[in-house]
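> got a sequence here, can you build the structure:
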Amino acid sequence: MSDFEQYLPLGKPTRYQDTYDPSLLCPFPRQVKRDEIGLAKELPFGGVDLWTAYELSWLNRKGKPVVAVGEFRFACDTPYLIESKSFKLYLNSFNQTRYPDETAVVEQMREDLSRASGGEVQVELWALEDSFRLQVGVLPGECLDNLDIEVLDYRLNPRVLVGAANEEFVVAEELHSHLLKSNCLVTSQPDWGSVLIRYQGGKINREALLRYLISFRQHNEFHEQCVERIFFDLMRHCCPQKLTVYARYTRRGGLDINPFRSNFENTTDPIRLVRQ
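Residues are numbered from 1 along each chain as shown. Take a look at the predicted model:
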C-alpha cells in the first residue's frame, strides 16, 4: 500500500453516516501525480473539475426530506482534489440533517469543500423539476471511434503520438471519442468516459490519437490526472498552439467527474452525455 492509499476510504469497509460530518472529506494533493508526469507548479493550463451529484438530500426545518441535483466546480489550481468516495460519504451525511433552507445547504457545502480543496469552490443546487439542465447532449466535432484500426497494446503509450502532428498542415478542429477507459488509482475498478479534444496546430493523425486514448485502458489513475496527462502528452508530442481536453466520465455512487483543461478557454458548459 502506498503512502497516500492508507488515508483514502476507497476499497475499505464503510459505515455510511447520515448526519452532517465534514471530516469525511478526504483531500488528495494534486502535485503528487503532476510531479510524476513533469508538470511544474506553474501549470500550462487552466480549467475546472466539474462534478454532478445526483444522490443529494437533506431535511427541511420540519423534518421533511428535500432532494436536489448538485453541481460543484473546483478550480484546477486548488492544491487538493477531493477523493470521490469521501465526497459521496460527505454528501450522504446531509441525509438526516435539518437545514432552514437551500441557501444554508449551499453555504455549508461551499465552506467545507473550499476548506478541503484549498480554494474557492462554486456550488449550485437545483430541483428535479428544472429538467432542462439534465437533458442529454452530444460532444461537438468528429468522432474517432469508427476508425478501423488494429489495437495490440492496452498499456499507456504516449510514444504513439511522436510524429503524429503534421506541422505543415495547420488546422483548428474538434475531435472526440467514447472509448476512454481507465482504472481507479486505488481499487482498479473501471472508469468509463468520453473525451473531447479541441485544438489548433499541426493536424494530428487520428489513428495515432485514437490508439493513444485506448492505451489508457489498463492505466490506473484518477479522472483528473488522466485528463492532465492527455493534455501534457499532446502538448509535448504534437505541440498545438491551442489545446482543450475535456472528459465526461460516467457516474459512480451518484457522482460524475468531468475535468476540463485548456490553455485558451476559461470555462466550459456542462454536456450531460447518454451514459451519464
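> alpha carbons only for contacts and neighbour counts from here, please
Will do.
> ok, and what's touching whichever strand or helix holds residue 74?
According to DSSP states H and E, residue 74 maps onto strand 65-75. The set of residues external to strand 65-75 that reach it, using C-alpha atoms under 8 Å, 6 or more residues apart in numbering, is 46-60, 81, 95, 117, 119-128.
> with stretch 29-46 instead?
Taking C-alpha under 8 Å, 6+ apart as the rule, stretch 29-46 contacts 75-77, 79-81, 225, 229, 232, 261-266.
> please point out which parts of it sit buried.
Buried residues in stretch 29-46, defined by neighbour count with 16 or more other C-alpha atoms under 10 Å: 30, 31, 33, 34, 39, 45, 46.
> I'd like these as CSV, with secondary structure, distance to residue 22 and pLDDT appended.
Listed next are the buried residues of stretch 29-46 as CSV, based on DSSP: H, G, I helix; E, B strand; the rest coil; distance: C-alpha to C-alpha, whole Å; pLDDT from 0 to 100:
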residue, secondary structure, distance to residue 22, pLDDT
30, coil, 20, 96
31, helix, 23, 96
33, helix, 25, 93
34, helix, 27, 96
39, coil, 31, 91
45, coil, 30, 97
46, strand, 28, 97
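> farthest-separated two in these?
33 and 46 (16.8 Å; C-alpha to C-alpha).
> dump the buried residues of stretch 29-46 to TSV, plus distance to residue 102.
TSV is the format used below for those (distance: C-alpha to C-alpha, whole Å):
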residue	distance to residue 102
30	31
31	34
33	36
34	36
39	39
45	34
46	30
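> returning to what we had before: out of the contacts of stretch 29-46, which sit inside helices?
The helices, defined by DSSP state H, take in 225, 229, 232 from the contacts of stretch 29-46.
> out of those residues, which comes closest to residue 15?
Using C-alpha to C-alpha, those come closest to residue 15 at residue 225, 28.0 Å.
> of the contacts of stretch 29-46, which is the nearest to residue 172?
Nearest to residue 172 among the contacts of stretch 29-46, with distances taken as C-alpha to C-alpha, is residue 264, at 12.8 Å.
> and that closest one, how far is that from residue 243?
Noted for residue 264: a distance of 7 Å to residue 243, by C-alpha to C-alpha, to the nearest Å.
> looking at those two now, which is surrounded by more residues?
residue 243 (22 against 14; other C-alpha atoms under 10 Å).
> show me what the helix or strand encompassing the more buried one is packed against.
Here residue 243 sits within strand 242-249, counting by DSSP H and E. Strand 242-249 is packed against strand 190-204, helix 223-238, strand 255-262, with contacts defined by 3 or more C-alpha pairs under 8 Å, 6 or more residues apart in numbering; DSSP states H and E.
> in a markdown table: these, plus mean neighbour count, mean pLDDT and distance to residue 99.
A markdown table is the format used below for these (neighbours: other C-alpha atoms under 10 Å; pLDDT from 0 to 100; distance: least, C-alpha to C-alpha, whole Å):
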| stretch | mean neighbour count | mean pLDDT | distance to residue 99 |
| --- | --- | --- | --- |
| strand 190-204 | 20 | 98 | 34 |
| helix 223-238 | 20 | 98 | 32 |
| strand 255-262 | 25 | 97 | 22 |
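> got CSV for the ones you listed, with distance to residue 20 too?
Converted to CSV, the helices and strands packed on strand 242-249 look like this (distance: least, C-alpha to C-alpha, whole Å):
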stretch, distance to residue 20
strand 190-204, 28
helix 223-238, 27
strand 255-262, 18
